[in-house]
Structures are given as structure tokens and as C-alpha cells.
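J.: Using only what follows, build the 3D model:
(chains A and B)
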Amino acid sequence: MNIKKLEEKIFKGLMIGSSMLIFGVLLYILYIIIKKGLPSLSWEMISQIPSGGFYLGKEGGILNAIMGSLYLIFFSVVISLMISVPVVMYLNFTLRKKSRFSAFARLTFDVLFGIPSIVYGAFGFTVMIFFGLQASLLGGIIAVSLLIIPVMIRSIDEVAVLIPVELIEATKSLGATNYETIKVILRQLLPGISTAVLLSIGRGIGDGATVLFTAGYTDSIPTSLTQPTATLPLAIFFQLSSPIEEVQNRAYSAALILTVIILILSFSARYFSRRFSKNKI
Amino acid sequence: MLKSRLLKDRIARHYMLTATVMAIFVLFLIGGGLFLKSLPIMQEKGLWTLLTTSNWRPFKGDFGFASYILSTLYVTGIAIFIALPLSLLTSIYIIEYASPKILRAFSSVVDLLAGIPPVIYGVWGTLTIVPFISKSIAPHFVEFSTGYSVLAAGVVLAIMIIPLIISILMEVFAAVPIEMREASMSLGATKWQTVKKVVIRKSIPGIVAATVLAISRAFGETLAVLMVCGNFTDLPKSIFDACYPLPALIANNYGEMMSVPQYESALMFAAFLLFFIIVVFNVISRLVLIQIDKRYQL
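T.: Below you'll find the model as predicted:
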């Protein structure tokens, strides 16, 4: 009898311990990034592009990477939305509920979701060679779109399956076509779509392996789609590998900037999804 | 009026279908593209030689992937070894013991951990794990280690896959019907006995699926591993030696490979290998998870 209780106690202790450990690791990561990044964070870092001796520790900032990442993610999100929303609408509201095709499609998107970013990067690069493109903003957009389309589809699909059949039936019984029904549903789905967008931005903006060969790297802000562009993850990665201490310190503060962006995105995504679950019909 | 409505409906339907087919086609396009690109090196060297030899001298035409494949396996093995027990204990605690408040708080923790970009994990790893291994752990076992090692990569990877495993396990455990737990408790079993004999036993397929998914995630992780693994081609002799997993190989050599067509094909072969293993693992585990979902929904 006592052994039973003892075993329960030991395992409960282990469980609480491991939960605390995981929570602790999260705090520790944030603590290290803030502690290392804060000292060399300055207005100059986020408002200027690298100057001549930037990589030797002279003045300048990483505005090129910040703007590059923003351009890249903006276009990728627009393209992904144009694909993901119709896909989810088709799977949920045009096909029959138990259609084989939609089961197959969902499995495919799950698998695409699991494919690592380096493979998307390598594939994107092959596509670019095929079309004779150099490393450029456009190449980066193609690769990042491929990366985030499955993220977006899965995330929108999660809320789309919760739409009650009654809503669809009500619109259809009023004589609406499938397209008109979808327009009604879309309004219901807006918070879910916002969450999906924020999630995909987080995934896309933080990923370095996709843009490593496709977007290239440059010190200036791109002015056209065919120019290469810098990105935040690569700015961190390249500066960290420098032997000069000032440059390394800037890598840490770039890491802090990226982390702050990710945290903001993540918290707003949670806010939207909570608002959605409150308004659920 | 009616005609234009119907026309709009038809256009929308076609657009949606096209988008869906295109998105599905991406998977096959990637697979086919990488396969075609890696075909020359496979024909020249033979699959077996590529996979089992470890001579890597691209400019002399030697392409043996064995040490990269083994590096990938070592690193993934360590990551799973650390991550699986922690994730199991944590997700059981959250689902079976914790209050709804803790459950909600902890799902934020999991989301945040999952959202942190690989490069940040890499920065954190080089700042904490690497020096810790080189100064505090390795001296007890080996003469010298820079800290950039199999172990460092394994630890960083473990932390990166923990949120993935936990989020799947939470769903798997939550899918076990409450009636089953109640039946066990009403027979006098303690909470832990119920968890052990009912919840975990019922969830074994789900646990396996989560593990397989985590393995495939760990296989493909690039930047974080690249930053802490040391990137050294020789076969690691201990977990304190540097290693060189496949994704890091691709990422490091992409720029220079353009001049040698054979080299390009070899790196594409590495990408295809990753793609193939990950797709197979993903399909199997997703099918298992779908089955679990179905069983309890009815």
C-alpha cells in the first residue's frame, strides 16, 4: 500500500520538476538574449544601414536586414494568403465532409508542414537556377511562401472545421451560391485568419535556412525584386561568426530585436485566438 | 443577375480547386526536382557507396555521406533521449494533474518555445551550452573539447523539439475518454496507476507518432545545429567531438558548389535524402494520429 503512494509521489515530483525545468529553460533563453543584447542595442542599430567599416566594428546598423525581412515577409504573406484561404475554403465548404480528396490534401499539408526549411531553401534555389534567377528578394519570397503556405493552411483549417454546419445551411437555404456562402463564412473566420497570418510571419521572419541561398545578403535596402536582400536571421548568423567583439555584440542585439518581434507576434496571435474562442457561435 | 452570380460561383470554384491542386503538387514537385538533381551522382557512384563510405573530397570526386549521416543520427538520438522523457512527464502533468489555469499558462510556454527562431536557439546555445560543455562537463571525460560538439547540438535540438512533442502528446492524452479513467479509479487504482495502466497504455501509438515526428523535425533542423555542432567532417569519437549533420553540410557548401556539377548533385542528394526520410516518417506518424482522432470521435 505504501509503495503505491510512494510511487505516485515520486512520479508527481518528477512531473512537476520537468515542467518547471521546461519553463525555466524558456526564461533562461529570454534572460540570456536580453542580457547580452541590451548593452549594444541603440537607435543607430535600427535606423541605419551598415557603413563602410561596419563589419570591422565601425558605425552603422542593421536597418538593411530589418527592412529586407519586412519586405520579404510582406510579399510572402500576401502570396500565401492568396493560396491558403481558397484551399481551406475548398476543403471545408465546397467538398463533401468526408471526401477522400480532402483527407489526402490534409495529409499532404501536414507532410509539407514537416519538411525542413533547408529543403525548401535548396528546392527554391533549384527553381531559381531553372528560371535563371540570381539570389534576390524574389527568390526569397518564393522560398518563404513555400515554407509558410502549409503553416497558414493548417492554422486556418483548425478554425474552419469549427464553423457550425447550421451557418452554412442557413446561407444556402436563402439561395446563396457556394461562393456567397464562403463570403459569409470568411467574415466569421477573420480572427482565425489573423492568427494564422501572425503565426506565419513569426515562422517566416525567423527562418534563416530558407533565405540562405535564395535571398542572398547585401548592405543596402533592396529597391526591386531582382536585387538580393539582407534578412534578420542571417544578419545575426553572419555577425556572430565574426572574430571582432563589437560585431558579435551587434549580433546579440540583433537577436534581441528578432526575439522582441517574435514575442509581440506570438502574444498578438494568442490575443486574436482567444477573442475568437469567446465569440464562437 | 442569376447568371452573373452563377458565373462568379464557377470562377471561384475553379480558382479554389486550382489553388488546392497546386499546393498539393508542391510536395511532388519538391520530391521530383530534388530526385532529378541528385540522379547524376546516384548513377555515377551508386546509392550504396554514397551512403556507406565516408570519404568526402568533393574536388577529387569522392562523395561519401556516412559520417554526415551518422552525425545526424547521433545528434537526433541525443535530442530524443533528452526531450522524450521530459515531454512525457510534463504533458502527463499538464493533462492529468494540473489545474485549468496551469494548463493555459503552460500552453503559452509551449507556444513561445515553439515560436523562438532557430537562429536565436543557436545564439543561446553558443552563449550557454557550448562554454558549459567545454568548461564543466567535457574535462571530466576527455582531454579537450571546444564545446562545439555532438552533445551541444543534441541539447539545443532537444529544447527545440520539446514543444512539438508536448503539443502532440497533450492532444493524444486528452483524446483518451474520461470514462476509461473513471472506470480505473472506481476499481481503487490511484491516479498514477490509472495514468500508467490506462492513459499511457492507450496512448502508445500516439506517443510513437509524436516521437517519429520529433525525429524528423530534428533531422532537418539546420541553423541552430550548424551554430553549435562544430562542422568537422571526421567521424565523432565521443559526444564531445565536433560533428557535421546533413543539413549543416548543405547550408555550408551551397555557395561554392556551383562550379562543380558533381558537387551540386551530391548536395542535392543530401537534400533529397532528408526529404525522403522526413516524408516517410511524417506520413506514417500522421496516419497514426489521424487514426487516433477517428477512434475517439465516434
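
J.: immediately after the helix or strand where A:Gly24 lies, which helix or strand?
T.: Per DSSP states H and E, A:Gly24 falls inside helix A:2-37. From helix A:2-37 onward toward the C-terminus, using DSSP H and E, the following helix or strand is helix A:43-47.

J.: Excluding sequence neighbours, find me the nearest residue to B:Val156.
T.: Sequence neighbours aside, B:Gly125 is the residue nearest to B:Val156 in space, at 4.2 Å (criterion: Cβ to Cβ, 6 or more residues apart in numbering or on different chains). Every C-beta, even on glycine, is put in place using the N, C-alpha and C of the backbone.

J.: what residue ranges in the chain are flagged as low confidence?
T.: Just so you know, I chose chain A. A:1, A:52-57, A:275-281 (pLDDT under 70).

J.: Can you look at chain B instead?
T.: B:1, B:255-259, B:296-298.

J.: is chain B contacted by the helix holding A:Gly24?
T.: Yes. In terms of Cβ under 8 Å from any Cβ of the partner chain, part of helix A:2-37 sits within range of chain B, namely A:4-5, A:7-8, A:11-12, A:14-19, A:21-23, A:25-26, A:28-29, A:32-33, A:36.

J.: Would you mind confirming that B:Pro236 makes contact with B:Ala242?
T.: Yes. Using Cβ atoms under 8 Å, B:Pro236 is in contact with B:Ala242, at 6.8 Å.

J.: Now do the shared contacts for the two.
T.: B:Ser149, B:Val150 (Cβ atoms under 8 Å, 6 or more residues apart in numbering or on different chains).

J.: Please give me every residue in contact with the residue nearest the centre of chain A.
T.: What sits nearest the mean C-alpha location of chain A, by Cα atoms, centre = their mean, is A:Arg203, with 1.8 Å. A:Arg203 makes contact with A:Leu147, A:Ile148, A:Val151, B:Gly115 under the criterion Cβ under 8 Å, 6+ apart.

J.: Narrow the residues you listed to just the buried residues.
T.: Buried by 16 or more other Cβ atoms under 10 Å in any protein chain shown: A:Leu147, A:Ile148, A:Val151, B:Gly115, out of those.

J.: Show me which positions of stretch B:135-152 end up buried.
T.: Quick answer for stretch B:135-152 (16+ other Cβ under 10 Å): B:Ile137, B:Ala138, B:Ser145, B:Thr146, B:Gly147, B:Tyr148, B:Ser149, B:Val150, B:Leu151, B:Ala152.

J.: circling back to that earlier point, from the contacts of A:Arg203, which land in helices?
T.: Within these, residues falling in helices by DSSP state H are A:Leu147, A:Ile148, A:Val151, B:Gly115.

J.: okay if I get those as CSV plus distance to A:Tyr90?
T.: Converted to CSV, the ones in helices among the contacts of A:Arg203 look like this (distance: Cβ to Cβ, whole Å):
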residue, distance to A:Tyr90
A:Leu147, 21
A:Ile148, 19
A:Val151, 18
B:Gly115, 28
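
J.: nearest to B:Phe28, of those residues?
T.: Nearest to B:Phe28 out of those is A:Leu147 (Cβ to Cβ; 17.1 Å).

J.: which residues sit in contact with residue 150?
T.: If you meant another chain, say so; for now it's chain A. A:Pro150 makes contact with A:Phe109, A:Asp110, A:Leu112, A:Phe113 under the criterion Cβ under 8 Å, 6+ apart.

J.: that's the other chain; I wanted chain B
T.: By Cβ under 8 Å, 6+ apart, the contact set of B:Val150 is B:Ser71, B:Tyr74, B:Val75, B:Ile78, B:Cys229, B:Pro236, B:Ser238, B:Ile239, B:Phe240, B:Asp241, B:Ala242, B:Cys243.

J.: Which one (most neighbours) among these?
T.: For these, the largest number of neighbours (other Cβ atoms under 10 Å in any protein chain shown) sits with B:Val75, at 32 neighbours.

J.: Could you tell me how many residues sit around the residue nearest to B:Ala266 when sequence neighbours are not counted?
T.: Among residues not flanking B:Ala266 along the chain, B:Phe63 sits closest, at 4.4 Å (Cβ to Cβ, 6+ apart). Using other Cβ under 10 Å, B:Phe63 has 22 neighbouring residues.

J.: Over to B:Val283?
T.: By other Cβ under 10 Å, 15 other residues sit near B:Val283.

J.: Would you mind measuring from it to chain A?
T.: Distance, B:Val283 to chain A, using Cβ to the nearest Cβ, to the nearest Å: 6 Å.

J.: wouldn't that residue be in contact with A:Leu112 here?
T.: No. B:Val283 is beyond contact range of A:Leu112, at 11.3 Å (criterion: Cβ under 8 Å).

J.: between these two, what contacts are shared?
T.: Common neighbours of B:Val283 and A:Leu112 are not found (criterion: Cβ under 8 Å, 6+ apart).

J.: circling back to that earlier point, list the buried ones in the helix or strand encompassing the residue nearest to the centre of chain A?
T.: Using DSSP H and E, A:Arg203 maps to helix A:178-206. Buried positions in helix A:178-206, judged by neighbour count with 16+ other Cβ under 10 Å: A:178-182, A:184-185, A:188-189, A:191-206.

J.: Make sure B:Ile239 is actually in contact with B:Ala152.
T.: No. If you go by Cβ under 8 Å, B:Ile239 and B:Ala152 don't touch, sitting 9.1 Å apart.

J.: Leaving out chain neighbours, which residue sits closest to A:Phe101?
T.: Leaving aside its chain neighbours, A:Phe101 sits nearest to A:Leu95 (6.3 Å; criterion: Cβ to Cβ, 6+ apart).

J.: Tell me where the stretch 1-150 of chain B has helices.
T.: With helices called from DSSP state H, counting those that start in this stretch, the stretch 1-150 of chain B shows them at B:2-45, B:47-52, B:66-92, B:100-115, B:118-127, B:129-132, B:150-174.

J.: Right, I'll call it a day here.
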